[in-house]
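Q: When you get a sec, could you give me coordinates for this:
(one chain, ligands or ions: 1)
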Amino acid sequence: SSSGSVVTLLDYGAGNVRSVRNAIRYLGYEIEDVRTPKDILNADRLIFPGVGAFASAMDVLTKTGMAEALCTYIENDRPFLGICLGLQLLFDSSEENGPVNGLGLIPGVVGRFNSLNGFRVPHIGWNALQIAKDSEILDDIGDRHVYFVHSYRAMPSNDNKEWVSSTCNYSDDFIASIRRGNVHAVQFHPEKSGDVGLSVLRRFLNPKSQGSKPTQGKASKLAKRVIACLDVRTNDKGDLVVTKGDQYDVREQTKENEVRNLGKPVELAGQYYKDGADEVSFLNITGFRDFPLGDLPMLQVLRHTSENVFVPLTVGGGIRDFTDANGRYYSSLEVASEYFRSGADKISIGSDAVYAAEEYIKTKVKTGKSSLEQISKVYGNQAVVVSVDPRRVYVQGPNDVQFKTIRVPKPGPNGEEYAWYQCTVNGGREGRSIGAYELAKVVEELGAGEILLNCIDCDGQGKGFDIDLIKLISDAVSIPVIASSGAGAVEHFSEVFMKTNASAALAAGIFHRKEVPIQSVKAHLLKEGIEVRI
Ligand code: 1PR
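A: As a prediction, the model looks like this:
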């Protein structure tokens, strides 16, 4: 192979770099993996997508001799692109489970975001940059948003200002990218930042081919996200289809009672990416009864989708410990790892998170054994979404139940003025003795990085999100909340962002039935003065 089209990738095996690989291949380059420190020194250009925790990454780099090779490579001004943790590791040290020493090439300490003043941690989503100095690889960005997902960040100072090429504002101004000579690193994820992210990679890979046009960043806030959700299951013929429920009932009201079929998962996901979806979620809705690793088509869907979709992908359904028909035991972590390996950026846990929360409330002991705790420990909180499927239960007064109630705007069927939101498992089939409010607080403590908040009553109704529920939950936690269920018109999106602290809004039916395109939702939000990624 001609060295012109080869990229050396430093993947120390701590997590998911599949999306980086996909993006590099999509741009027409071949990947050579680093096996020994020598491979680093011999690279023509090196990409270092840091994943996992700071301390364990440093540990591996030091033990393998890669740390020293990396320092030499960078000190020699060889073409380098660090991504996310690949930026942070260049600094002196990090507070993540630390202090822990880094490579020490750039002065500064990597610290955790303050979750003060309503800034949710992790910083997840699309944000804009303020360009501090010319940095060729950022030249196409301008005021467009790029995708971040992290809880720690490096701060600009007098000592490191010669390195800082852009900052981003979230609670404070932190370092979004560095550049010195041929050495670049970005805190955001170019491989997940759509077109504009691909252009960052393209410019790094082939710097000479593109003209340079100075770019103007602008001060901005974290954009509200619009997420397209694909509920996926096998229909009675055995094909994997995108389906959509009516209060979770996905079967047609016909004699045949067939599973509603709204299209093919890979195609629809690709379409939503082109239409400007900020994320795509797949929910394997029968995962609670079918073992997902037996469900190879779903893994195929992920693999194919991630080859062409360069925004974050979440997948959920069936993440739990499992023993198959042959008596082979799989831990939930293995199930999740398979999803990550197949192209997921985040996984979402439904039923199993409810059991974990119940257990924790009962015993007040964190065992570290739940799927939620294990997966967030290995892959980071930001990679774990908890999907909640609550159903409204009316009561006469707040003292009628031990769960948090709200005063309902419209009384219940027997004139009840209050309601609580009962968590369910197994796709809404079984109600549990825990409320959405109690669950949300507990899963945050157990390591969830985000909450996907559905509502069975509103699902598929097109009458708008359950504002009371979303307000209740988004005010109760400091992790991002994704509002879901009930979107029927563009106004429902502005309503949920104006009246609640939701960070994202998710819809399914209106996109699948092509009633409201994603572009119209974005245009409407923009008109209403709500920041979105265009
Ligand atoms: O319990 O970990 O195996 O996960 C199962 C996952 O599958 C959960 O995330 C659960 O929400 C989901 N699920 C299970 N059954 C159904 C069903 O519909 N029968 N889908 C289901 C949940 C709800 C939303 C939907 C929104 C927006 N789907 O994801 O997309 O309500 O819809 P709309 O915009 O059309 O109103 P586990």
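
Q: distance of residue 426 from residue 5?
A: 49 Å (C-beta to C-beta, to the nearest Å). The C-beta positions use only the backbone N, C-alpha and C, and glycine is treated the same way.

Q: cool, and residue 122?
A: 35 Å.

Q: Could you do residue 369 as well?
A: Counting by C-beta to C-beta, the separation of residue 369 from residue 5 is 46 Å.

Q: Give me the pLDDT for the closest residue to the ligand within the stretch 351-500 of the chain.
A: In the stretch 351-500 of the chain, the residue that lies nearest the ligand is residue 427 (2.7 Å; C-beta to the nearest ligand atom). Listed pLDDT for residue 427 reads 93.

Q: so which strand or helix has it?
A: Under the criterion DSSP states H and E, no helix or strand holds residue 427.

Q: So for stretch 51-68, first residue to last residue, what's the gap.
A: 19 Å (C-alpha to C-alpha, to the nearest Å).

Q: how far does it sit from the chain's center?
A: Its chain's average C-alpha position is 24 Å from that of stretch 51-68, according to C-alpha atoms, centre = their mean, to the nearest Å.

Q: now do stretch 320-338
A: For stretch 320-338, the distance to the chain centre is 23 Å (C-alpha atoms, centre = their mean).

Q: ok, and for that stretch, which residues are buried?
A: Of the residues in stretch 320-338, 320-322, 330, 332-333, 335-338 count as buried by neighbour count, 16 or more other C-beta atoms under 10 Å.

Q: How about stretch 520-533?
A: Under 16+ other C-beta under 10 Å, the buried positions of stretch 520-533 are 521-522, 524-525, 530-533.

Q: wait, which of these is closest to residue 376?
A: Ranked by distance to residue 376 (C-beta to C-beta), those are led by residue 533 at 26.1 Å.

Q: For that closest one, give its distance to residue 117.
A: 23 Å.

Q: what lines up beside the helix or strand hosting residue 8 in the sheet?
A: Element membership of residue 8 [criterion: DSSP H and E] is strand 6-9. Using DSSP bridges, the strands paired with strand 6-9 in its sheet are strand 30-33 (parallel), strand 46-50 (parallel).

Q: quick one: contacts of stretch 520-527?
A: Here stretch 520-527 makes contact (C-beta atoms under 8 Å, 6 or more residues apart in numbering) with 224, 226, 276, 490-491, 493-494, 497, 507, 532-534.

Q: my bad, should have said stretch 316-325
A: Contacts of stretch 316-325 (C-beta under 8 Å, 6+ apart): 232, 281-288, 290-295, 298, 329-332, 335-336, 339, 347-352, 371, 375, 385, 387, 452.

Q: my guess is residue 140 meets residue 201, correct?
A: No - between residue 140 and residue 201 there is no contact under C-beta atoms under 8 Å: 10.9 Å.

Q: Please identify the residues of the protein in proximity to the ligand?
A: Residues of the chain lying close to the ligand (C-beta under 6 Å from any ligand atom) are 229, 231, 244-245, 248, 250, 283, 285, 287-288, 316-319, 348-352, 387, 389, 427-428, 454, 459-460, 484-487, 507-509.

Q: Residue 140 and residue 201: which is more packed in?
A: Taking neighbours as other C-beta atoms under 10 Å, residue 140 and residue 201 compare with residue 201 leading, 25 against 17.

Q: give me the beta-bridge partners of residue 313?
A: residue 280.

Q: From the ligand, how far out is it?
A: 14 Å (C-beta to the nearest ligand atom, to the nearest Å).

Q: show me the contacts for that residue.
A: Contacts of residue 313 by C-beta under 8 Å, 6+ apart are 269, 279-282, 302, 305-306, 343-346.

Q: Residue 166 too?
A: Residues in contact with residue 166 (C-beta under 8 Å, 6+ apart) are 129-132, 135, 138, 175-177, 217.

Q: any idea which residue sits dead centre in the chain?
A: residue 346 (5.0 Å; C-alpha atoms, centre = their mean).

Q: Compute the distance between it and the ligand, please.
A: Taken as C-beta to the nearest ligand atom, the span from residue 346 to the ligand is 12 Å.

Q: What is the neighbour count of whichever residue of the stretch 1-150 of the chain sits closest to the ligand?
A: Relative to the ligand, the nearest point of the stretch 1-150 of the chain is residue 124 (18.0 Å; C-beta to the nearest ligand atom). Neighbour count of residue 124, defined by other C-beta under 10 Å: 27.

Q: List the contacts of residue 406.
A: Neighbour list for residue 406: 418-420, 468-469, 472 [criterion: C-beta under 8 Å, 6+ apart].

Q: Need the pLDDT of the residue of the stretch 251-400 of the chain found nearest the ligand.
A: Distances between the stretch 251-400 of the chain and the ligand by C-beta to the nearest ligand atom are smallest at residue 350, namely 2.8 Å. With respect to pLDDT, residue 350 scores 97.

Q: again, but for residue 291
A: On the pLDDT scale, residue 291 gets 73.

Q: go on, the one 4 residues further on?
A: Predicted confidence (pLDDT) for residue 295: 61.

Q: With residue 87 instead?
A: 97.

Q: For it, which non-adjacent residue is closest in space?
A: In this structure, residue 87 finds its nearest non-sequential neighbour in residue 185, 3.7 Å apart by C-beta to C-beta, 6 or more residues apart in numbering.

Q: next one: residue 424
A: Leaving aside its chain neighbours, residue 424 sits nearest to residue 389 (4.8 Å; criterion: C-beta to C-beta, 6+ apart).

Q: And for the one you found, the neighbour number?
A: By other C-beta under 10 Å, neighbour count at residue 389 equals 27.

Q: can you list the domain ranges for the protein.
A: With domains defined by automatic domain parsing, the chain comprises 3-209, 225-527.

Q: Which stretches in the stretch 201-350 of the chain count as strands?
A: Here the stretch 201-350 of the chain has its strands, by DSSP state E, counting those that start in this stretch, at 225-234, 240-243, 279-284, 313-316, 322-323, 329-330, 346-349.
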